[in-house]
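S.K.: Fold the following, please.
(one chain, ligands or ions: 2)
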Amino acid sequence: MTMEEGAILIVGVGGVGCIWATQAHSRCQELSELLLIDADESSFEGASTANCLFLDAGGEGKGSAALPMMATHRLREGLDSVMPLIEKAEIMLILTGLGGGMGSGASSEIASVAKNRGCLVLSIAGLPFAEQPLRCSIANEAISSLDSNSHVCIRVSMERLAWQARQRKTDWITGSGWIEELIEGLVTTIAEVGTINLDLMDMRSIIEKPGNATLIVGTGTTEIPGSVVEMARNSPLSELEIQGAKGCLVQLEGGPDMTLSHLDQITDAFVSSMDPDCQVIMGARTSDDMVGRLRLVAVVSGLG
Ligand SMILES: Nc1nc2c(ncn2[C@@H]2O[C@H](COP(=O)(O)OP(=O)(O)OP(=O)(O)O)[C@@H](O)[C@H]2O)c(=O)[nH]1
Ligand SMILES: [Mg+2]
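M.R.: Ligands and ions are numbered 1, 2, ... in the order given. Okay, the predicted model is just below:
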């Protein structure tokens with residue numbers, strides 16, 4: 001049994017959020033739908049398969065002038081046109097950068113609408129650079145509201161992202177590839193949970209463990225599988241430690257050369273520092289373009 005079409009909805013809110021969502025969706029188009037929300041039409045360029053919600057009450061097409069309340073209001077007004085998409089969705093993945101107007105004002109509003117309709121809501125929110133005090137104060141307010149309207153809200157430090165981007169010599173706004181890899185891994189894991197008809201409630205119960213949650217990604221080669229775990233441990237996108245975690249959804253991806261022993265070795269090592277009663281769902285996936293490489297993606301929850 002496969003999941004219904006439209007069951008997984010990726011939503012980008014605001015400029016940075018739309019970039020992240022578009023890139024993430026391009027890697028798992030067959031498994032998910034894409035919704036982009038912004039007051040700036042240029043955010044919709046390059047996403048031909050997206051459902052776009054353009055929220056420009058004033059007609060200037062240039063953002064919501066850093067006014068989160070305006071963005072919230074505009075979203076409420078424009079919501080009707082995307083309701084069918086939201087109603088089909090069982091899982092919503094919201095991507096946004098906080099600190100501006102649109103992401104800060106509209107992301108928690110869409111999360112709340114979806115959650116109230118019984119949709120499982122996972123949000124990934126970029127937090128501004130520390131040297132942007134006004135943006136930081138807007139973001140702080142927005143994050144608590146997004147957090148309370150999501151089942152899991154993962155904070156991503158844009159500073160950390162920028163640091164990782166420098167290591168990879170890419171632009172931080174494009175999420176340095178991390179966000180895409182995370183979302184792709186999550187979507188395929190979720191779709192797989194749907195496919196093998198593992199009760200979606202199991203996944204919910206993992207994701208909803210009380211405490212903090214974070215997303216993890218680690219990559220490496222089949223030659224040194226241990227390096228995947230090490231990287232996954234050392235580069236969570238938030239500053240949380242995964243020790244003592246109560247829940248874990250983990251997916252290992254590799255090429256046709258990935259073996260069961262890779263899978264055992266890596267997942268065992270990865271969950272070894274977690275709580276002895278940690279509830280774990282594991283998935284594995286192979287694709288031809290991953291020959292020689294391995295990638296671990298995980299949602300870790302119930303963190304102190
Ligand atoms: N340093 C730096 N930070 C940026 C830049 N662009 C975006 N950000 C950060 O990303 C956050 C979100 O930005 P956007 O996604 O563009 O904001 P938005 O939601 O579209 O907001 P409005 O355009 O005001 O409606 C901001 O708070 C900044 O912290 C940039 O070029 N440089
Ligand atoms: Mg903008």
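S.K.: what about the helices in this protein?
M.R.: 14-26, 68-78, 83-88, 102-116, 133-148, 158-168, 178-195, 200-207, 226-234, 260-271 (DSSP state H).
S.K.: which parts of the first one are buried?
M.R.: By neighbour count, and taking 16 or more other C-beta atoms under 10 Å as the criterion, the buried residues in helix 14-26 are 14, 15, 16, 17, 18, 19, 20, 21, 22, 23, 24, 25. C-beta here means a position set from N, CA and C on the backbone, and glycine is covered the same way.
S.K.: Contact partners for the first one?
M.R.: If a contact means C-beta atoms under 8 Å, 6 or more residues apart in numbering, then residue 14 has 37, 38, 43, 96, 97, 100, 101, 102, 103, 104, 106, 107 as its contacts.
S.K.: Let me have these in TSV, extended by distance to ligand 1 and neighbour count.
M.R.: Compiled in TSV, the contacts of residue 14 are given as follows (distance: C-beta to the nearest ligand atom, whole Å; neighbours: other C-beta atoms under 10 Å):
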residue	distance to ligand 1	neighbour count
37	9	32
38	6	28
43	7	26
96	7	33
97	3	30
100	2	26
101	3	23
102	3	32
103	3	32
104	6	32
106	8	33
107	8	35
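S.K.: can you put those residues in a markdown table and add pLDDT?
M.R.: Shown next, in a markdown table, are the contacts of residue 14 (pLDDT from 0 to 100):
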| residue | pLDDT |
| --- | --- |
| 37 | 97 |
| 38 | 95 |
| 43 | 94 |
| 96 | 96 |
| 97 | 95 |
| 100 | 92 |
| 101 | 92 |
| 102 | 94 |
| 103 | 96 |
| 104 | 96 |
| 106 | 97 |
| 107 | 98 |
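S.K.: right, and out of these, which lies closest to residue 231?
M.R.: In terms of C-beta to C-beta, no member of the contacts of residue 14 lies closer to residue 231 than residue 97, at 24.4 Å.
S.K.: From the buried residues of helix 14-26, pick out the ones that also neighbour ligand 1.
M.R.: 14, 15, 16, 17 (C-beta under 6 Å from any ligand atom).
S.K.: Model confidence for the second one, exactly?
M.R.: Reported pLDDT at residue 15 in the predicted model: 92.
S.K.: what's the nearest residue to it if we skip its chain neighbours?
M.R.: Spatial nearest neighbour of residue 15, chain neighbours left out: residue 43 (5.6 Å); criterion: C-beta to C-beta, 6 or more residues apart in numbering.
S.K.: which residues does the one you found contact?
M.R.: Neighbour list for residue 43: 12, 14, 15, 18, 19, 36 [criterion: C-beta under 8 Å, 6+ apart].
S.K.: Which of the helices of the chain comes out lowest on mean pLDDT?
M.R.: Among the helices of the chain, helix 158-168 carries the lowest mean pLDDT, at a mean of 72.
S.K.: hang on, residue 242 packs against residue 274?
M.R.: Yes. Judged on C-beta atoms under 8 Å, residue 242 makes contact with residue 274 at a distance of 6.7 Å.
S.K.: which residues touch the closest residue to residue 297 other than its chain neighbours?
M.R.: Nearest non-adjacent residue to residue 297, counting by C-beta to C-beta, 6+ apart: residue 185, 2.6 Å away. Counting by C-beta under 8 Å, 6+ apart, residue 185 touches 217, 251, 253, 295, 297, 298.
S.K.: Please repeat the previous calculation with a cut-off of 10 Å.
M.R.: Residue 185 makes contacts with 27-28, 215-217, 249-253, 283, 285, 295-299, as judged by C-beta atoms under 10 Å, 6 or more residues apart in numbering.
S.K.: Now list the buried members of those residues.
M.R.: Neighbour counting by 16+ other C-beta under 10 Å classes 28, 215-217, 249-253, 283, 285, 295-299 among these as buried.
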